[in-house]
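Trainee: just the structure for this:
(chains A and B)
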Amino acid sequence: MTTQRFSEKLKKRSSKDIWEEYCGFLDLSIDDYMKIQKRLLKEQLENMARCDLGKRIMGDRIPATAEEFRRTVPLTTYEDYADIILAKDDAKLPGKPVVWLETTWESGSRPVKLAPYTREMLDVYSNNILAAMILSTSVRKGQFSVRNGDRALYGLAPLPYATGLFPLLIAPEMDLRFMPSTKEAANLSFSQQNKRGFSLAVKGGLDQFFGMSSVVFTITRNFASFASSGNFELRDLAGMSPKMLYRILRAKYICKRDNRPMQPKDIFTLKGFVCVGTDTALFKDELEEAWGMRPLEIHGGTEPACMGTETWSRNGLVFFPDNAFYEFIPKAEMLKNEADPSYIPRTLTMNEVAAGEDYEIVLTSFKGGAFMRYRPGDMYRCVRVKNDKDGLDLPQFEYIDRVPSVIDIAGFTRITEASISKVIERSRLAVGRWFALKEYDEGKRSFLHFFVEIDEDTRESAYLDEQVIREHFSVYYRSYDHDYKDLKRLLGMDPLSVTLLPVGCISSFEEQMGHRLRSINPDAHDMAQLRRWLAENDIKTGGEE
Amino acid sequence: MSGLSQIFFTTIPFIAFIANVFLFFTLLSAKKEGPVRSFMGLLVSFILWTGGSYFMRLQLVPGVVFWWKVSLTGIFLVPFMYYLLVAAYMGQKGRFLKSLWGSITLLMIIGNFMNVFMTTPEIIMSNARISSSYDLKWPAIIAVAFAVMIFASTLNTINKAVHDDDGVLSSMTPLFIGVVIMMLGIALNMIPALTSVPTDTLACAINACFIYYAFYKKRFYAMSQITSKGSVFIVSIVITAFLTSQFFDELYALVEKLGEGHLQNPLIFVVVAAVTTGILIFLLFTHLNDGLFVRDQLRRDYHVKDFSKAVSSTLRMDEILMLLSNMIRDEIPIRHMYLCMRTDDGRYLSAKNLQNLDSSLCFSADHPLLEYIGKKAGGFLYEDFRHSACGKGMFEEEKKELENLGTEYVLPFIDDNKVIGLAILPGKENRKAYTYSEIDYLESVSSVASIALKNAMLYEELENEAQHDVLTGLLNRRALNKRLQKCMDARPSQLTLILFHTDAVSPYHELYRNDEAE
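Mentor: Below is the predicted model of the structure:
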């Protein structure tokens, strides 16, 4: 039996058949969804039972049911796999990896996490990406507009990052015209790839756009400067299609007439728009306004692969049933576990989640993947358990953020208490107590807000103001964490803000509150109380006169 | 006019007319879904076009002008009917454009009968050939403009459908070829040298055949469904009528000549000759039809009947499975197949030693294929299942196993909504896809086999119950006697029997109750 390429299917099969093949999972009832989940879990447990990694996590006994699995197998973190996976010890894994993906672990001393992918996992990955691509061009159930020869721009981090698989998995399946081609992109830096791609899109047109939301957002913001640069050189016109030339001239005329800046939608008519990344939800409205099409959000990552996609309504993620076995730790349980690591949090399955609740996700890879009851550190909110309007009998989610103990900036970094402590230690700054949290500026861009007390007894304290600490800290963090450095290089941002607090301020506040402040992402209620407390006690922070 | 031109002049419209009438009547027996209904509508317009043209040439009552207008009515109807056909073929909904184009077409037809677009044609007869002379009036431009608009709307519908679904294009190829031929026929008719050959009506009939093929390819109907005796009968009558009308004078003269003036009413003999000719044509066409389309169907029907008879005479599962296996492989060119039957623990195991297969096949009770069967009415292509959401639940090993067997079709045996077994059929040896009639055949076999297999399972269950003790599950005295008899029958001269007697069984029963004692 030969497998038909997606491009062949587009030519020879009806759109109904194609929709059913790739997006048919959206018609599953929750019971049928769970049947698939439990069956593939059974297969994975057998794979795991045969390998050292599986035996180490599960012991000798293979759980007979999903319930027994949840009862007996412990929750895991990357540390449980690091010795085997980072050593790329294939023999101890449940399946033979064909690709190793990479992502940030905790930067600095633990810079990378690796994730092995088997051939079968890539097949599922590829299918699910194609499903997302189909859905990104649809505005109603069953209708889509994907064609061979479509011109696709991709602002995605290259391999070994997970997003680098997108073009590589789509290219063998269909004849999309990637801008730049995957071959050319292999010799370009990420930043060059984005510039080259955009230049090709301007010259020849653009049908589909896949990108990390922070990158897409940056491209969108930079579009204004492209548009306002005004004069084209003859070199720019070379190779430009007459259609694009006409569109640009027309857009320039209209924007000048209406006295408004040119936007991407003035020259591009997108058929499909896919955004990946932790900050997607923040940028969606602005991206829709700029591109004339609401982006379809998909979620996943290095360990979870391509996990979920929005549908034609673009109002909630549905998780692919064949990607992983999903469990959800209710937020209260997660916080209880954070406060007391010996506490084993309760998990729920897809058919047990409740609308409006926040959950930390727990994954068990299918198809020979390595992770079992693994906590990738992502939080999701269940927005609804079924969607009558769209005819979905499956829960839909929205991504909230990383777990509170991790600060993720623009999807590039993972800042933890350990990494900040390490940077403080290296910088030799006379820092006393501190805490850090993720905040957003007026432009909806996330940044790291560092609240710090300086030890007044030290010699340097007299010279240390917020500006000095910020620069000092930023330099050391960039040298310690390459992903943090990339933020500046790729997105042109230095996402750090520093607030100096008087010495003893944090302890006094904690005394009054009766509990310790979390060092990373303190509770929102605690932060509000702190700000009020500072104001009431007339305590000046470093930036205030 | 040359003899050849004369033949073309009357014969071609006749053939075109007959072809359209034939296609129309065959569709009467097909299931009238939207596209088939709209195709019948288009055929009506073709019939009016070609029929009007033919009857005009025959100078039938009420007159040449009438038939000329009928023919033009057909032509006026074509764009609208094409639009309806394409809209139905693409599954397009919406009434606005249909109503708009329909109303305009109606106005055009009324205008045609009222000579709004052209003057009343002047009929010119020369050398038994009829031609018409007329002058176009300016409103004819409006008529042409509307026809172009309707065709443009049709093309737009196609364009939209193709935009949404590239796959539509390949299924529409015969339709496109048909339209090109029709346009070519109309264009050729405008060349002065070819005016004696009615290429437009000929092209119209060829176009109808292409549409017919496109519909057949899309499985709107099966060939066996449309080649009924009724359609053969109608065609025979039409041909007989044509021949009689064409050769009536010659036949009458021949009868008179043969009767040498003694026949009082030669017409009776002419009628008898015509009826006889009709019967012969009917028999000939029936024979051809049976040979071309129905023979295979009949043979398969007989085969199923024989199978039904054979399986109803046995209650042995292995015999039924053997008959079933042979039955399927006789008709479908496959090397092997797996017949898997439900076991007590809910699994489906392939029957042993059925075709001396090296491997066996087993489906667990939770296999997604079984769930998919529950959602389908009958058999299905394995690929359809593989690409369904249900198929996502398959283990990699299960996928490999079925793909290594070359699985192409799955035929379930269902009784009372329960899957009692399934046949796994590989791709055919000639590498062609399973045809409509083969799938139809498999469905018939499945219906018969399901009942037989269920009876055999019940029989095995009863036989099993009759030979086992309810409490212990051990073989009982009846089974012992039966086996002893079997042994004695096999070796009557050598048989040793050792009997063990256990003491105090009865008190033990009384003291500890049956469950403990057993």
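Trainee: next, the contact list for the residue in the stretch 151-300 of chain A positioned nearest to chain B, please.
Mentor: Of all residues in the stretch 151-300 of chain A, A:Lys271 sits closest to chain B, at 10.5 Å by C-beta to the nearest C-beta. C-beta here means a position set from N, CA and C on the backbone, and glycine is covered the same way. A:Lys271 makes contact with A:Thr137, A:Ser145, A:Val146, A:Asp150, A:Asp207, A:Gln208 under the criterion C-beta atoms under 8 Å, 6 or more residues apart in numbering or on different chains.
Trainee: 7 Å instead, please
Mentor: A:Lys271 sits next to A:Thr137, A:Ser145, A:Asp150, A:Asp207, A:Gln208 when contact means C-beta atoms under 7 Å, 6 or more residues apart in numbering or on different chains.
Trainee: just A:Glu536 next, same as before
Mentor: With C-beta under 7 Å, 6+ apart, A:Glu536 has no contacts at all.
Trainee: pull the number of nearby residues for residue 504.
Mentor: With no chain named, the answer covers chain A. 13 (other C-beta atoms under 10 Å in any protein chain shown).
Trainee: correction: the question concerned chain B.
Mentor: 8.
Trainee: next: A:Leu394.
Mentor: 25.
Trainee: verify the stated contact: it with A:Asp32.
Mentor: No: assessed by C-beta atoms under 7 Å, A:Leu394 is found out of contact with A:Asp32, at 9.7 Å.
Trainee: between the contacts of A:Lys271, which sits nearest B:Arg478?
Mentor: Nearest to B:Arg478 among these: A:Thr137, at 70.2 Å, using C-beta to C-beta.
Trainee: that closest one and B:Gln92, how far apart?
Mentor: Distance of A:Thr137 to B:Gln92, computed by C-beta to C-beta, to the nearest Å: 20 Å.
Trainee: host element of the single nearest residue of the stretch 401-518 of chain B relative to chain A?
Mentor: Using C-beta to the nearest C-beta, the single residue of the stretch 401-518 of chain B nearest to chain A is B:Glu403, 5.1 Å away. In this assignment (DSSP states H and E), B:Glu403 forms part of helix B:396-404.
Trainee: got the contact list for the following helix or strand past that helix?
Mentor: Later in the chain than helix B:396-404, the nearest helix or strand by DSSP H and E is strand B:407-415. Residues from elsewhere that reach strand B:407-415 (C-beta under 7 Å, 6+ apart): B:369, B:373, B:379-382, B:385, B:419-427, B:434, B:442, B:446, B:449-450, B:453-454.
Trainee: may I see the ChimeraX selection of the buried members of those residues?
Mentor: ChimeraX command restricting the contacts of strand B:407-415 to the buried ones, with burial defined by 16 or more other C-beta atoms under 10 Å in any protein chain shown:
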select /B:369,373,379,380,382,385,419,420,421,422,423,424,425,426,427,434,442,446,449,450,453,454
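Trainee: among the contacts of strand B:407-415, which lie within strands?
Mentor: Using DSSP state E, the subset of those located in strands is B:Phe380, B:Leu381, B:Val419, B:Ile420, B:Gly421, B:Leu422, B:Ala423, B:Ile424, B:Leu425, B:Pro426.
Trainee: turn those into CSV, columns for pLDDT.
Mentor: What follows is the ones in strands among the contacts of strand B:407-415, written out as CSV (pLDDT from 0 to 100):
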residue, pLDDT
B:Phe380, 92
B:Leu381, 92
B:Val419, 90
B:Ile420, 91
B:Gly421, 91
B:Leu422, 92
B:Ala423, 92
B:Ile424, 93
B:Leu425, 93
B:Pro426, 92
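Trainee: helix or strand right after the worst-scoring helix or strand of chain A on mean pLDDT?
Mentor: Ranking every helix and strand in chain A by mean pLDDT, DSSP states H and E puts helix A:234-237 at the bottom, with a mean of 61. Next along the chain after helix A:234-237, taking DSSP H and E as the criterion, comes helix A:242-258.
Trainee: what are the buried residues along that following helix?
Mentor: Under 16+ other C-beta under 10 Å, the buried positions of helix A:242-258 are A:Met244, A:Arg247, A:Ile248, A:Ala251, A:Lys252, A:Cys255.
Trainee: host element of the residue nearest to the fourth one when sequence neighbours are not counted?
Mentor: Closest residue to A:Ala251 apart from its sequence neighbours, by C-beta to C-beta, 6 or more residues apart in numbering or on different chains: A:Asp266 at 3.6 Å. A:Asp266 is located in helix A:264-267, with elements delineated by DSSP H and E.
Trainee: and whichever helix or strand comes after that helix, what does it pack onto?
Mentor: Per DSSP H and E, the first helix or strand lying C-terminal to helix A:264-267 is strand A:272-276. Counting contacts by 3 or more C-beta pairs under 7 Å, 6 or more residues apart in numbering or on different chains; DSSP states H and E, strand A:272-276 packs against helix A:119-136, strand A:208-212, helix A:213-228, strand A:296-301.
Trainee: do the first one and chain B come into contact?
Mentor: It stands for helix A:119-136. Yes: using C-beta under 7 Å from any C-beta of the partner chain, helix A:119-136 reaches chain B at A:Glu120.
Trainee: ok, back up a step: so which of the helices and strands packed on strand A:272-276 gets nearest A:Ser508?
Mentor: helix A:213-228 (37.7 Å).
Trainee: about what we covered before: counting contacts, what elements does the helix holding B:Glu403 pack onto?
Mentor: Using 3+ C-beta pairs under 7 Å, 6+ apart: helix B:396-404 touches no other helix or strand.
Trainee: who's in contact with that helix?
Mentor: A:Met1, A:Glu120, A:Lys367, B:His367, B:Tyr382.
Trainee: and the stretch 201-350 of chain A, which residues reach chain B?
Mentor: So the stretch 201-350 of chain A meets chain B at A:Pro321, A:Asp322 (C-beta under 7 Å from any C-beta).
Trainee: where does the prediction get shaky in the stretch 201-350 of chain A?
Mentor: Low-confidence segments of the stretch 201-350 of chain A, defined by pLDDT under 70: A:226-237.
Trainee: could you redo the last one with a cut-off of 90?
Mentor: A:202-203, A:211-245, A:248-249, A:251-262, A:276-286, A:300-302, A:304-305, A:338-339 (pLDDT under 90).
Trainee: how about the contacts made by B:Met81?
Mentor: B:Gly41, B:Leu42, B:Ser45.
Trainee: which of these has the weakest pLDDT?
Mentor: In terms of pLDDT, B:Leu42 ranks lowest among the contacts of B:Met81, with 86.
Trainee: quick check, the residue in the stretch 101-250 of chain A closest to chain B?
Mentor: A:Glu120 (5.4 Å).
Trainee: now A:Trp105: closest residue in space, sequence neighbours ignored.
Mentor: Leaving aside its chain neighbours, A:Trp105 sits nearest to A:Lys113 (4.2 Å; criterion: C-beta to C-beta, 6+ apart).
Trainee: now whichever strand or helix holds the one you found - C-alpha only, PDB.
Mentor: Using DSSP H and E, A:Lys113 maps to strand A:110-118. Output in PDB follows, covering the C-alpha atoms of strand A:110-118 (Å, rounded to 0.1, in the frame of the first residue of the first chain):
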ATOM      1  CA  ARG A 110      21.200  23.500  32.500                       C
ATOM      2  CA  PRO A 111      21.000  25.100  29.100                       C
ATOM      3  CA  VAL A 112      19.100  22.600  27.000                       C
ATOM      4  CA  LYS A 113      16.500  19.900  27.100                       C
ATOM      5  CA  LEU A 114      16.500  17.300  24.300                       C
ATOM      6  CA  ALA A 115      13.400  15.300  23.100                       C
ATOM      7  CA  PRO A 116      13.600  12.200  21.000                       C
ATOM      8  CA  TYR A 117      11.200  11.700  18.100                       C
ATOM      9  CA  THR A 118      10.400   8.400  16.500                       C
END
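Trainee: other residues contacting that strand?
Mentor: Everything outside strand A:110-118 that qualifies as a contact, by C-beta under 7 Å, 6+ apart, is A:78, A:85-86, A:93, A:95-105, A:302-303, A:367-370.
Trainee: give the pairing partners of it; include direction for each.
Mentor: strand A:97-107 (antiparallel) (DSSP bridges).
Trainee: packing partners of the helix holding A:Asp266?
Mentor: helix A:242-258, helix A:280-291.
Trainee: I'm done for today, thanks for sticking with me.
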